[in-house]
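Visitor: Predicted model, plus sequence, below.
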Amino acid sequence: MAASGEVGYWTAAEARGRGVAPRALEVVSRWALGPQSVMPVARLDLLHAVDNPASCRVAEKCRYVFRALLPPQPPAFPAEGHLHVRTDGGD
Ligand SMILES: CC(C)(COP(=O)(O)OP(=O)(O)OC[C@H]1O[C@@H](n2cnc3c(N)ncnc32)[C@H](O)[C@@H]1OP(=O)(O)O)[C@@H](O)C(=O)NCCC(=O)NCCS
C-alpha cells in the first residue's frame, strides 16, 4: 500500500461559502482511505498557506488534523503553510 496521498481543492468564486469543497473532500477522503484497491493509501496530506483561513476551515471540517507548520517556499509559496493529515476513512 502506498504510504500517502495528497488532496487539494478549488471552487468557482460564485460557489464559495456553500460547503461545496468540504462535501467533495469528504467523499474523496472516504473513498481514498476506504477499502478500495485502485490506489490504496493509508494517509492523506493536505497543505495550505497560513493566510488562507477558508482552506484551513475546509481541512478542519473534514477532520484533517493539523500536524506541522511549514516554512515558506518562495516563489510558489511565499507564506508559511499548514500540513493537515487524515488517516481514517470515516466509518
Ligand atoms: C478554500 C475553498 C476551496 C473553500 O471552498 P468552499 O466550497 O467555499 O468551502 P466552504 O463553503 O466550506 O467555506 C469554507 C470557509 O470559507 C469561508 N467563506 C464563507 N463564505 C465565503 C465566500 N463567499 N467566499 C470565500 N470564503 C467564504 C468561511 O470561513 C468558510 O468557513 P465556515 O463554513 O466555517 O464559515 C474556496 O474558497 C476556494 O476555492 N478558494 C480559492 C482556492 C484555494 O484557496 N484553494 C485551496 C488551496 S490550499
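Guide: Structure's in. What do you need?

Visitor: switch to C-alpha atoms for all contacts and neighbour counts from now on
Guide: OK.

Visitor: where do the strands sit along the protein?
Guide: 5-7, 44-49, 65-70, 81-86 (DSSP state E).

Visitor: Next, format those strands as CSV and append distance to Ser37 and mean neighbour count.
Guide: CSV is the format used below for those (distance: least, C-alpha to C-alpha, whole Å; neighbours: other C-alpha atoms under 10 Å):
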stretch, distance to Ser37, mean neighbour count
strand 5-7, 14, 13
strand 44-49, 16, 20
strand 65-70, 25, 14
strand 81-86, 19, 20
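
Visitor: Relative to the ligand, which of those is closest?
Guide: Closest of the strands of the chain to the ligand is strand 44-49, at 3.9 Å (criterion: C-alpha to the nearest ligand atom).

Visitor: show me what contacts Trp31?
Guide: With contact taken as C-alpha atoms under 8 Å, 6 or more residues apart in numbering, Trp31 is in contact with Gly89.

Visitor: For this structure, what lies in contact range of the ligand?
Guide: Applying C-alpha under 6 Å from any ligand atom, we find that the chain lies next to the ligand at 9-11, 16-22, 47-48, 54-55, 57-58.

Visitor: And the residues you listed, which is closest to Phe66?
Guide: Distance to Phe66 across those (C-alpha to C-alpha) is lowest for Leu47, with 9.7 Å.
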